[in-house]
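Asks: fold the following for me, if possible:
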Amino acid sequence: IDALDPDALADYAAVAYGHARMTICHHHDWTAVVMVTCGDGIVRLGEWTGCGAYEALEAFNCASPMSQGMMNVGDPVVRELHEALREDEEMMRVLLEGGREEPGARDAARLVGMLQEAPRERTRKAMESFFDAYGYRTVNGYDLTSLTVAETPELMIEAIRKGLLDDAAEAKKRMEKTEEKIAALRKRCPAESLQEFDECIREGRLLYRVRDERAIFSDVMGVALARTMLLQVGGVLAKHGKILRANHIVFASQDEARALITAIGDPVSPADLEERERYYNSAHSLTAPRTLGSTGAPPPSLP
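Replies: Residues are numbered from 1 along each chain as shown. Here you go, the predicted structure:
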């Protein structure tokens, strides 16, 4: 990327911004599918059984393997890594030393590197596939400012450890507990509505996974890939003194980034980007203003 001329580098950045926008839209294209289906199911379960929304929502527990993330043993990539490590006594020992203590970022990065360069070929290839599948996912949001799993190796190592140590019997117990709750709700359902009840549960559980998949396979991955691309651009800009640190590029708009790269227009100053980063790291949702823009008239009361 260092060899790209300014126009080509600006185009590369534009691809990243465009990909992020596209995947955010794709996420919300699927929102209605899960929200309407499952939301309608929650309302109907309440009407039939008198249960509250939270109790109805529990009927969908364990219906989304994607909720397990890097510990989703149903994913062949995760399963292969676990099997490879269980065969690799040396790497297993290194990975699990210290028990369940969470590693610091530096130690975790060292462990990730050791797994990627493990002597056993199966371990190396399994870790490479795991990193490709899970490393480029955001961990704390859907914005370009959100860190990726690749940037937080401590989360990756902890997830691998927990996945190896997780008791399969516990997962089975969680599913059995959910089935017991569904059965208890069914007993409270009027006889004439039992067929609809069963269809509601079946349909809701079938589509509930879309809640997670619409994000994971859209902007969780898409924004992470776009961020990774922009950090490369930021590295070039930082090397030439146009911004203070590579990660500051994600606090710039696409037009601002193009101006920084091409020196055409009115580029944002390095100090402004640093201030945006400071605000981002210090602002909290609890201190957000109640309204944006002019206050105007209060919203109408619900009937």
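
Asks: how much space between residue 111 and residue 53?
Replies: From residue 111 across to residue 53, the span is 42 Å (CB to CB, to the nearest Å). To be clear about C-beta, it is placed using only N, CA and C from the backbone, and glycine gets the same treatment.

Asks: same deal with residue 232?
Replies: Separation of residue 232 from residue 53 (CB to CB) stands at 45 Å.

Asks: between those two, who's got more neighbours?
Replies: The neighbour comparison of residue 232 against residue 53 (other CB atoms under 10 Å) goes to residue 232, with 18 against 11.

Asks: which of the residues in stretch 80-100 are classified as buried?
Replies: For stretch 80-100, the neighbour count (16 or more other CB atoms under 10 Å) marks 80-82, 84-85, 88, 91, 94-95 as buried.

Asks: name the surrounding residues that touch it.
Replies: If you take CB atoms under 8 Å, 6 or more residues apart in numbering as the criterion, stretch 80-100 is touched by 73, 111, 114-115, 118-120, 122-123, 125-127, 129-130, 157, 160-165.

Asks: run the last query once more with 7 Å
Replies: Residues outside stretch 80-100 that contact it (CB atoms under 7 Å, 6 or more residues apart in numbering) are 73, 111, 114-115, 118, 120, 122-123, 126-127, 129-130, 160-161, 163-164.

Asks: go on, stretch 254-268?
Replies: Residues from elsewhere that reach stretch 254-268 (CB under 7 Å, 6+ apart): 6-7, 9-10, 13-14, 17, 237, 242-243, 249, 252.

Asks: what's the most distant pair in these?
Replies: 7 and 243 (18.6 Å; CB to CB).

Asks: between the two, which is the more surrounded one?
Replies: residue 243 (26 against 12).

Asks: tell me the contacts of the more buried one?
Replies: Counting by CB under 7 Å, 6+ apart, residue 243 touches 234, 237, 249, 260, 270, 273.

Asks: all strands of the stretch 1-150 of the chain, in order?
Replies: With DSSP state E, counting those that start in this stretch, there are no strands along the stretch 1-150 of the chain.

Asks: good, we can wrap up now.
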